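J.: sequence and computational prediction follow.
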Amino acid sequence: MAGSGIAFLNLGFRPFFAGAGIFAVLSMLAWMAVYVFAWQPGTVAVPFLYWHGHEMIFGYTIAVIAGFLLTAVKNWTGVQTLNGIPLLLLFLVWVAGRILFFSANAEMLVLIAVVDSLFLAGLSVAVLIPVIKARQWKQMGIISKLLLLFASNLIFYAGTLGMVEDGMRIGLYSGVYLIVALIFTMGRRVIPFFIENGVGYPVQLKNRQWLDVSSLVLFLLFWMVDILRPDSLPVAVLSFMLLLLHTLRLAGWHTPGIWQRPLLWVLYLGYACLVAGFALKLAVFVAGISPSLPLHAFAYGGIGLMSLGMMSRVILGHTGRNVLEPPPVLFWVFGILLLGTVLRVLLPMIDPEHHLFWIGSSQVLWIAAFSFFLVLYLPMLVQARVDGRPE
């Protein structure tokens, strides 16, 4: 299939990964200004804590998901996904949602909700059409998660408008858990494959169908119970069960060669952060730690590391570069974000007296990691494939 004529618009990963990287830096700078330096922006339509949570999930992470799915679905189905002007229009709707949510006041919440919902609706349709054309019904599980993310975003906005009691919390936590579920689904599909093909020696990793099914069923229950009865005894019990199951899965995926490959260990450790999130959810009930700690294990550590690692790999592969020989600096980029996870999740629990310092330091490291990512990868995203092949 011929490209659009402009490399940046040839395939979905290009604009959306660029946008995700830039927004990861800008949105964290804004949050740092508010949280650490007590900046009081006068135009944000909701309390800034909810703005931060919403934009990390429905701003940054959704952009990564959009770029990944618009690229992967073409590979899975053999049907061309959005490119050229249609891709640009969808990307601009995402951009408009980010600008409006930051700069508009509460009186414009309906407009913000419409624009933001239009993006998720458009993305769902753009992914669904190739799946239907190719009759690949096995992909409908991913489509269903996109539609549930669309519904979660609507619930969030309904909460901002006073239409759903506690809607902002329900929408945000549902968004986080749906993305974690998407990572579990996609991770089971690609991480063992990447490891077996990337360590440089023959290895067959252990996967168990009963674990695949039971872990997803239990996670669905975990999501529903934590929405209805946050951090209750049933949540703790489900967290313990999920901790055991996903630890068993990680053990089955381990082989020493992953530690020589940054593009492998970043995904492995990102998954491990999600598993740690269940341990911390258990600790919320048992030891009374702050609920923000498991939330950021899921979001900063799990989603952050997994998304940065996946973007780094996809860009190399889809611009004609060798994923087995990534830029050496990636080790440090991933290491910076991993250190930021430790500062954000573990140190506030160990040393709560310096909570603000640890949070601010983790914000600096997030900004640094994504800034280095942009310096390294933005040129690849705007230039044509190095091997001259069409996309």
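T.: Nice, thanks for sending it over.

J.: what's the single longest helix in the protein?
T.: helix 167-198 (DSSP state H).

J.: tally up the residues packed near Pro328, please.
T.: Residues contacting Pro328 under the criterion other C-beta atoms under 10 Å number 8. (Each C-beta comes from the backbone N, C-alpha and C, glycine too.)

J.: backbone dihedrals for it, please?
T.: With angles defined as degrees, to the nearest 10, Pro328 sits at phi -60, psi -30.

J.: that older thread, list the buried residues for the longest helix of the chain?
T.: 167-184, 186-188, 191-192, 194-196, 198 (16 or more other C-beta atoms under 10 Å).

J.: same thing with stretch 363-375?
T.: In stretch 363-375, counting by 16+ other C-beta under 10 Å, buried: Gln363, Val364, Leu365, Trp366, Ile367, Ala368, Ala369, Phe370, Ser371, Phe372, Phe373, Leu374.

J.: what do you get for stretch 68-85?
T.: In stretch 68-85, counting by 16+ other C-beta under 10 Å, buried: Phe68, Leu69, Leu70, Thr71, Ala72, Val73, Lys74, Trp76, Thr77, Thr81, Leu82, Asn83.

J.: mind checking how far the second one is from Leu243?
T.: Relative to Leu243, Leu69 is positioned 29 Å away (C-beta to C-beta, to the nearest Å).

J.: likewise for the first one?
T.: Shown here: Phe68 relative to Leu243, a distance of 27 Å by C-beta to C-beta.

J.: also the third one?
T.: With the distance defined as C-beta to C-beta, Leu70 ends up 33 Å from Leu243.

J.: with the last one instead?
T.: Shown here: Asn83 relative to Leu243, a distance of 42 Å by C-beta to C-beta.

J.: now the fifth one
T.: For Ala72, the distance to Leu243 under the criterion C-beta to C-beta works out to 29 Å.

J.: next one: the fourth one
T.: Relative to Leu243, Thr71 is positioned 32 Å away (criterion: C-beta to C-beta).

J.: just flag the most distant two among the buried residues of stretch 68-85.
T.: Farthest pair in the buried residues of stretch 68-85 (C-beta to C-beta) is Trp76 and Asn83. Separation: 16.3 Å.

J.: quick one: neighbours of Met28, just the number.
T.: So Met28, with other C-beta under 10 Å, has 22 neighbours.

J.: where's it, which helix or strand?
T.: Secondary-structure assignment from DSSP states H and E places Met28 in helix 13-35.

J.: list the helices and strands that helix packs on?
T.: Applying 3 or more C-beta pairs under 8 Å, 6 or more residues apart in numbering; DSSP states H and E, one finds that helix 13-35 contacts helix 48-54, helix 62-77, helix 84-103, helix 304-318, helix 355-382.

J.: for the longest one, name the packing helices and strands.
T.: Secondary structure elements in contact with helix 355-382, counted by 3+ C-beta pairs under 8 Å, 6+ apart, are helix 13-35, helix 304-318, helix 330-341, helix 347-350.

J.: quick check: angle from it to helix 62-77?
T.: In terms of direction (axes from the mean of the first three to the mean of the last three C-alpha atoms, to 10 degrees), helix 355-382 departs from helix 62-77 by 40 degrees.

J.: one step back: got the CA coordinates for the helix holding Met28 in PDB?
T.: Listed next in PDB are the C-alpha coordinates belonging to helix 13-35 (Å, rounded to 0.1, in the frame of the first residue of the first chain):
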ATOM      1  CA  PHE A  13       2.000   5.300  15.200                       C
ATOM      2  CA  ARG A  14       3.700   8.400  13.700                       C
ATOM      3  CA  PRO A  15       1.500  11.300  14.800                       C
ATOM      4  CA  PHE A  16       0.100   9.600  17.900                       C
ATOM      5  CA  PHE A  17       3.400   8.500  19.400                       C
ATOM      6  CA  ALA A  18       4.900  12.000  18.700                       C
ATOM      7  CA  GLY A  19       1.800  13.600  20.300                       C
ATOM      8  CA  ALA A  20       2.000  11.200  23.200                       C
ATOM      9  CA  GLY A  21       5.600  12.000  23.900                       C
ATOM     10  CA  ILE A  22       5.200  15.700  23.600                       C
ATOM     11  CA  PHE A  23       2.100  15.700  25.800                       C
ATOM     12  CA  ALA A  24       3.800  13.400  28.400                       C
ATOM     13  CA  VAL A  25       6.300  16.200  28.900                       C
ATOM     14  CA  LEU A  26       4.000  19.200  28.800                       C
ATOM     15  CA  SER A  27       1.300  17.800  31.000                       C
ATOM     16  CA  MET A  28       3.700  16.700  33.600                       C
ATOM     17  CA  LEU A  29       5.400  20.100  33.600                       C
ATOM     18  CA  ALA A  30       1.900  21.600  34.200                       C
ATOM     19  CA  TRP A  31       1.200  19.100  37.000                       C
ATOM     20  CA  MET A  32       4.600  19.800  38.600                       C
ATOM     21  CA  ALA A  33       4.000  23.500  38.500                       C
ATOM     22  CA  VAL A  34       0.700  23.000  40.400                       C
ATOM     23  CA  TYR A  35       1.700  20.200  42.800                       C
END
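
J.: that one: how far from the chain's middle?
T.: Remark: helix 13-35 is offset 13 Å from the chain centroid, using C-alpha atoms, centre = their mean, to the nearest Å.

J.: show me what counts as buried in it.
T.: Neighbour-count burial for helix 13-35 flags 13-28, 30-32, 34-35 (criterion: 16+ other C-beta under 10 Å).
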